[in-house]
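In: Take a look and give me a structure for this.
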Amino acid sequence: MHPDVPPGTDLLVEYGWSEQIAERFADNDVQGSPGRIVRVGGGHGDTMTSAGPLRVRTAGPHVCTGDWVIVREPAAEGDMTCTVCAVLPRTGAIRGADASGRSEEQVLAANVDTVVVTVASDTSISVAWNVCWRWPGTAARNR
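Out: Residues are numbered from 1 along each chain as shown. Presented below is the predicted three-dimensional model:
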């Protein structure tokens, strides 16, 4: 096990658990277990926790793939879906235009360390750069 990882969180190391994330979790007063969102869709999502993968309700706080969250066990007997109680502060996000057509943005992914942009060989490369990326500490402008 990694020396900076508290006991019981070793499954999360593969998903980016670190001492900094452990500190953000410890600074939060919401009760629950840490998890990383690995998929979101239709008001539900999948999260990886120290106990393994869990299905979660995402209706409360806005969550997206990559978020570190605090999850609470199901309240009702027989319910297999946990609840996202809090989203830990993001270190960055990839944002895009909302599909609604209004001038709103949506978070596509959170806490991303590496981005790889691929473009089909029959497409102009300028199409790939029409996306506005916003990283912490940098100014983003539409061109």
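
In: where do the strands sit along this structure?
Out: For the chain, the strands defined by DSSP state E cover 33-41, 44-49, 52-57, 68-72, 81-87, 93-97, 105-110.

In: where does the third one sit relative to the chain's centre, distance-wise?
Out: By that I understand strand 52-57. Relative to the centre of its chain, strand 52-57 is centred 13 Å away, using Cα atoms, centre = their mean, to the nearest Å.

In: So what touches it?
Out: Strand 52-57 is touched from outside by 11, 35, 37-38, 43-48, 69, 71, 80-84, with contacts defined as Cβ atoms under 8 Å, 6 or more residues apart in numbering. Yep, even glycine has a C-beta here, placed from its N, CA and C like the rest.

In: Which positions within the top helix by length along the chain qualify as buried?
Out: Across the chain, the longest stretch assigned as helix under DSSP state H is helix 19-26. The neighbour-count criterion (16 or more other Cβ atoms under 10 Å) identifies Ile21, Ala22, Phe25 as the buried residues of helix 19-26.

In: And stretch 26-46, by the same measure?
Out: By neighbour count on 16+ other Cβ under 10 Å, the buried set for stretch 26-46 is Asn28, Gly32, Ser33, Pro34, Gly35, Arg36, Ile37, Val40, Gly45, Asp46.

In: Let me see the mean pLDDT of that stretch.
Out: Taken as a whole, stretch 26-46 carries a mean pLDDT of 88.

In: With stretch 109-123 instead?
Out: For stretch 109-123, mean pLDDT rounds to 81.

In: Same check on stretch 67-79?
Out: The model assigns stretch 67-79 a mean pLDDT of 81.

In: List of residues touching it?
Out: Residues outside stretch 67-79 that contact it (Cβ under 8 Å, 6+ apart): 21, 24-25, 28, 30-37, 47, 49, 54, 56, 61, 63, 80-88, 90, 110-111.

In: Chain neighbours aside, what residue packs nearest to Thr47?
Out: Spatial nearest neighbour of Thr47, excluding adjacent residues (Cβ to Cβ, 6 or more residues apart in numbering): Gly35 at 3.8 Å.

In: Alright, that wraps it up for me.
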